[in-house]
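In: Sequence first, then the predicted structure, then my questions.
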Amino acid sequence: MKVKFDVTKPLTYKQRFKKWSNSRFQDYKQQRLSAWLPFYNGVIVFPTFFLLSLCTITLGVCQLYISAQVQELEIYYTDCYPTAIGNKTCAQTLADNPSSTGCTCLIPFALSVPFAANVYVYYALNNYYQSLQNYIYSENPDQLNGDLTPQHLCNAETASLYNAFSYKVTDGQEVPIVPCGAIGNSLFNDTIDILDAGSGGLPVPLLYTGISWPTDQQKFNNPPGLSLNIAYENYTNPPFWGSKNIWQLDPNNPDNNGLKNEALIVWYRTAAFPHFRKLYARVDHKNSTLYYNSLPKGNYILKIGYNYPVTSFKGVKSVVISNTSWIGGKNSFLGFAYISTGTIGVNHKYSIFYGPDIDYKSCFG
């Protein structure tokens, strides 16, 4: 459709815009829009890939250097011995009597240099597969979000595979479990404390909040408007939890209990590999003069409340004390991956020019 304009009068802004838009729309419909089509040849491609390979190697070296600055200490305690006199490890005691409690290990360790703030405490598990599909789906998102309607049980797949973790028979009646499923039932329940031997065995102050992702916290909620012991009075805890109720996960912080407990939230972020670590606590630097800038060098004692069995599947448990850099924790994998990729790229370009059976001049036309 053509637009007629009076040539005797100057065009208004609206008319000029309409004329311009009509012409551009015609170019679009007729596929006459201008475009830039690069021409690839050896002069462009080879230097570009060579520079990208060098940049990749540089990034890998920088990542390795930054990762090397992270301070880290790992302490294994799978076969630790209890403080009580005996010739059995806590793992053996727990295997002989799964319902036993109170096995405590004291493991001395030393820091030769201070660990700069912020210092984090992790627990690490080896040979533990959280990535199994049946395990990952063994939960109820509606229940974790605070909807405790009795009809909302674990999903159908979970109910058929992990029926023992949906209900628990109490006084002849089936009582729904919160949180239901295998993930909630297998919650890590060892307790970890760090005692400062240089300060008379006083515990290093730890914070058990601020350890989970904010996006994960939004998925977990307690029923609104009621105290937790009343909200969960018609429900029971998973079998593996023993006598601990869901409103008793953090006895020192009432706001960190129930389904909002951050240790529970961290556990529900399942790991992709069988060797993983999860954040347990943070050293409280702000409210302590002694630990304000760092975890000082000196002698310490790791106090473990041993409750989590791993020997049946040949698992290994450890505690990791570490700080972080601006790119995260200690991780050399990414740096080596960058360096390997860049090295392959450089060798490939080198072979193009200096390979015995390749005429590199033909690459440049």
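Out: Looks like it came in fine.
In: The longest helix seen in the chain: which residues count as buried?
Out: Counting residues, the longest helix in the chain under DSSP state H turns out to be helix 42-68. Buried residues in helix 42-68, counted by 16 or more other Cβ atoms under 10 Å: 46, 50, 53, 56, 57, 59, 60, 63, 64, 66, 67. The way it works is simple: take the backbone N, C-alpha and C, and place the C-beta from them, glycine included.
In: cool, and stretch 292-307?
Out: By neighbour count on 16+ other Cβ under 10 Å, the buried set for stretch 292-307 is 294, 295, 296, 300, 301, 302, 303, 304, 305, 306, 307.
In: any idea which of those residues is the one closest to residue 200?
Out: Set against residue 200, the nearest of these by Cβ to Cβ is residue 301 (11.2 Å).
In: Over to the residue nearest to the closest one when sequence neighbours are not counted: give its phi and psi.
Out: Counting by Cβ to Cβ, 6 or more residues apart in numbering, residue 301 lies nearest to residue 195, which is 4.1 Å off, once chain neighbours are set aside. Note on residue 195: backbone dihedrals following degrees, to the nearest 10 are phi -100, psi 130.
In: got the residue ranges for the strands in this protein?
Out: All strands of the chain, identified by DSSP state E, fall at 72-76, 103-111, 115-116, 119-126, 167-170, 173-176, 191-196, 202-203, 206-207, 276-283, 294-295, 298-306, 316-323.
In: Distance from the chain centre to the fifth one, please.
Out: From the chain centre to the centre of strand 167-170 is a distance of 32 Å (Cα atoms, centre = their mean, to the nearest Å).
In: Residue numbering should commence at 3 henceforth.
Out: Will do, 3 is the new start, and the previous item becomes strand 169-172.
In: Can you tell me the strand partners of it and which way each runs?
Out: strand 175-178 (antiparallel) (DSSP bridges).
In: how far out from the middle of the chain is stretch 238-245?
Out: How far stretch 238-245 lies from its chain's middle: 25 Å, per Cα atoms, centre = their mean.
In: And that stretch, end to end?
Out: Chord length of stretch 238-245, first to last residue, is 10 Å (Cα to Cα, to the nearest Å).
In: What are the buried residues along it?
Out: 238, 239, 240, 242, 243.
In: same question, stretch 98-109
Out: Those would be 105, 107, for stretch 98-109 by 16+ other Cβ under 10 Å.
In: Show me the domain layout of this structure.
Out: 3-34, 42-72+332-367, 73-325 (automatic domain parsing).
In: Can I get the ones you listed in TSV including mean pLDDT?
Out: Compiled in TSV, the domains of the chain are given as follows (pLDDT from 0 to 100):
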stretch	mean pLDDT
domain 3-34	66
domain 42-72+332-367	84
domain 73-325	90
